[in-house]
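Participant: Build the 3D model from these lines:
(chains A and B)
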Amino acid sequence: MSDPRFTSGVELATGIGLRVPHYNHILSEKPAVGWFEIISENYMVEGGRALAVLDRILDQYTVVQHGVGMYPGDAGGVKFDHLRRLKRLVRRTKTPWISDHLCWGSVDGSMSHDLLPIPFTFDAAKKTAENLRIAQDFLEVPLAMENVSSYGEFKDNEMTEWQFLAEVAERADTGILLDVNNIYVSSINNGFDPMEYVNFVPPERVAQIHIAGHSHYRRFVVDTHDHPVIDPVWKLYERAIERCGHVATLLEWDGRIPSFNEVWSEAKKSETWREAALAKRQENAAA
Amino acid sequence: MRPLEETQRKFFAALQMPLRGTSRRSTHLSPNEEGHSPEFLAKAEELMEPGENLSSAERLELYHRQYWFRVLESVAEDFPALRRMAGEEMFWEMLEAYLQTYPSGSFTLRHLGRSMARFIAEWPGLDETQRRWFTALAELEFAAMEVFEAAEREPLPPEQLAEVELELQPHVRLVAMPVPADLCLGWDSFQPGEETPTQVAVWRGTSGAHMVRLDAVEHELLLRLKAGGRLEEIFAEPVDPEPSPEKVQEWFGAWQSRGWITRRGSEVIELKVGNNEDWSDVDEMASQAMPMEE
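Facilitator: Numbers count the residues shown, from 1 in each chain, chains lettered A, B, ... in the order given. Take a look at the predicted model:
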C-alpha cells in the first residue's frame, strides 16, 4: 500500500486517461469507470468548452491531474506562473495528488514540449528535489513523479535511473508514479534489466502506476501510447503490485485512440493481473 | 562534473538545429540530404553515451526528431488557411524559420502560433502582396485559437446598458486588417483581389469560433467598449463618419444577441456542454512520443 500521505488517503482502483474522442460517450453513457486522469495543461485555461466538459466529468467521477509541463529537472528552477495555473485547476478538480514527469524541458523560457531526460547525477538530484519541494509546498497537494521513457543516457550519469528516481523522491519527499511501460521502453533502449528497476523502487512511495502500449522499431522502442499493453509490461506491473500492494492503476492511450469500450476493456485487464499479484503478496506475507 | 545548466543548454541547442536526412524526410520540410552538422555531432559526442544499438548521435537524434515533429505538427494545425494560401513548399519553409526565430514560450502548444503574424510581417521570403495578406490571415487564424480558451462573463441584460460600466467579453477578439484576408478562409488557393481595409470580430459561440465583418465605425466603438466604460464615455469622443442613432441601435442589438457585452468586472460564468457535441476541432497535449520511421 502507498503511504496515505502520497495519495491524500484516497484509494483508487482502475482508471483511464480522459481523451477528447471519448467525451460524448462518457457524458451520455456515464460508464462505470473508477476514475479519470486528465492532462492538466489541457484544462489550464481561462474558459471555454474544455472546462465545461471537465465540470461535467467532475460531477460524476474522481479526477486526478497529470501534468506534462512542470519540468522539475529544469536547472532554471520552478516556474511560479505555471504553478499558479496548476493550483487554480486543483481547486476545481480537488485532485488527491498531482503527478508530473521526472524530466526537464525548458531553457531560458523556451519550451521543448518534450519530457527530456535528466542526467543521473547527485547535483541534478539535489536541484530537482529542491524544485519539487518548492512546488509541493506551493501546491499544497502531494506530488508523484513519473519515470519517463528514455532514448539515451548521459555521459555524466553517476547512478542508475532507478537510483536517481528513489534519490529524488526521498530528498523531495514526494510520491512516485511508476510507469511500467516506460521502464520497459527505457530498458530496451538503454540495455538494463527492467525487473531490477521495479525491485528497487521504494514501494511505500508508489502512489500510482501507469500502463500503456508502445511502438517497437528495429533498433529502438518509442513510447507512442497507441497499442495494447504487451505481456512483458504486464509482468512488470504484476511484480510492482506484488511489491507495492494495491495501487491506483491507469491505462494511457493517446495515439490512434480506439473506442471507449476498447480502451476500458484493456484497462480492466489490469484487474486480473492485480488480483494474481495481491494473492502472491499475501502468500509471501504468510510464508 | 559539467553543471546541469550547461548540459541542458547544449542539449536544447542541439534540439533546435534544423532536421536533416531521414528525420527531415519524415516531415513536410524540403529535403536536405546532408548529414548532421559538425556542431550536432560534437554535442552528441560530448553529452550522450553510445548504446548497443544506437550511436551517441542517433540517440540525440531521437529527441531532435521528437522536438521538431511535435512543434511542426502543432503549429501547422493552427493555420490551415495560411497553409493553403502559401502552398506547401512556402508554408513549411516559413514554419521552420518561424520556429527557429520564435521557439515556444508557453506551457501549452496551443500558444505556439502567437507570434506568427509578427514573424510573417518581417520574413524575407514573401513579396509585399503576400506579406500583407498572410500577416492578416495569421492574425485571424490565431484569434480563432485564442477565443477557444478565453473566459466568458455574464452577458449584460439590455435594460442595464445605461446603468453600469460596460466591457467587451474576453472571448471576443477584434482584428483590423489592411486587406480582406477573411476571404482566404473560403479560397482553395491564393487569389488576392482588391485591398480594402477590413475589420472582423472573432468570438466563441456554442459551436466553436465564429467570425463576422464589422463596419469601420462599429469596430471603433467596439474598441472603446473593449477599453471599458459607461455608455456616455464610449460616445464621449465623436466618430467619423457619425452613425445614425438607428445604426448604433442596430449594432448594439447585434452585439447583445451574440452576448458580447458584459458588465466590467462581472463574474466569469461556467459554460454548459451537451452530450453530443462536435469536439473535432479540439487539440490535446499528452505525454506520448510521436511515431517515427526508423
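Participant: Show residues contacting stretch B:56-68.
Facilitator: For stretch B:56-68, contacts defined as Cβ atoms under 8 Å, 6 or more residues apart in numbering or on different chains pick out A:112-114, A:116, A:151-153, A:220, A:222, B:11, B:14-17, B:19, B:23, B:26-27, B:36, B:40-41, B:43-45, B:47-51, B:54, B:99, B:289-290, B:292. C-beta coordinates here come from the backbone N, C-alpha and C atoms, glycine included.
Participant: go on, stretch B:199-215?
Facilitator: A:48, B:140, B:143-144, B:146-148, B:150, B:152, B:169, B:171-177, B:182, B:185, B:198, B:216, B:218-219, B:222, B:243, B:251, B:258, B:260, B:277-278, B:281.
Participant: Stretch A:128-145 now?
Facilitator: A:5-8, A:70, A:72-74, A:77-78, A:80, A:83, A:86-87, A:90, A:95-102, A:118, A:165, A:167-169, A:171-177, A:207-208.
Participant: ok, 6 Å please
Facilitator: The contact list for stretch A:128-145 (Cβ atoms under 6 Å, 6 or more residues apart in numbering or on different chains) reads A:6, A:72-73, A:78, A:83, A:87, A:90, A:97-99, A:102, A:168, A:171-172, A:174-177, A:207-208.
Participant: Up against chain A, what does the stretch 51-200 of chain B have?
Facilitator: B:52-53, B:59, B:62, B:66-67, B:70, B:103-105, B:107-109, B:148-152 (Cβ under 6 Å from any Cβ of the partner chain).
Participant: What score does the residue in chain B that chain A sits nearest to have for pLDDT?
Facilitator: Proximity of chain B to chain A (Cβ to the nearest Cβ) peaks at B:Arg59, 3.1 Å away. pLDDT for B:Arg59: 97.
Participant: swap in the one 3 residues further on?
Facilitator: B:Leu62 carries a pLDDT score of 96 in this model.
Participant: Near it, how many other residues are there?
Facilitator: 20 (other Cβ atoms under 10 Å in any protein chain shown).
Participant: Ignoring the adjacent residues along the chain, who's closest to B:Ser104?
Facilitator: Closest residue to B:Ser104 apart from its sequence neighbours, by Cβ to Cβ, 6 or more residues apart in numbering or on different chains: A:Met111 at 4.2 Å.
Participant: what about the one you found, neighbour count?
Facilitator: For A:Met111, using other Cβ under 10 Å, the count is 22.
Participant: Give me the neighbour count for the residue in the stretch 51-200 of chain A that chain B sits nearest to.
Facilitator: Nearest residue of the stretch 51-200 of chain A to chain B: A:Gly152, at 3.1 Å (Cβ to the nearest Cβ). By other Cβ under 10 Å, 24 other residues sit near A:Gly152.
Participant: Could you pull out the helices in the stretch 101-250 of chain A for me?
Facilitator: A:122-139, A:161-172, A:180-190, A:194-200, A:231-244 (DSSP state H, counting those that start in this stretch).
Participant: just the stretch 101-250 of chain B next, same as before
Facilitator: Using DSSP H, counting those that start in this stretch, helices in the stretch 101-250 of chain B cover B:116-120, B:128-148, B:216-227, B:231-234, B:245-257.
Participant: Now distance to B:Ala81 and mean neighbour count too, for those, in TSV please.
Facilitator: Output for those, formatted as TSV (distance: least, Cβ to Cβ, whole Å; neighbours: other Cβ atoms under 10 Å in any protein chain shown):
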stretch	distance to B:Ala81	mean neighbour count
helix B:116-120	12	21
helix B:128-148	6	21
helix B:216-227	21	18
helix B:231-234	33	14
helix B:245-257	25	14
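Participant: For these, give me a markdown table that also has mean pLDDT.
Facilitator: Listed next are these as a markdown table, based on pLDDT from 0 to 100:
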| stretch | mean pLDDT |
| --- | --- |
| helix B:116-120 | 98 |
| helix B:128-148 | 97 |
| helix B:216-227 | 98 |
| helix B:231-234 | 96 |
| helix B:245-257 | 96 |
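Participant: what about the ones you listed, which gets the closest to B:Leu271?
Facilitator: helix B:128-148 (11.8 Å; Cβ to Cβ).
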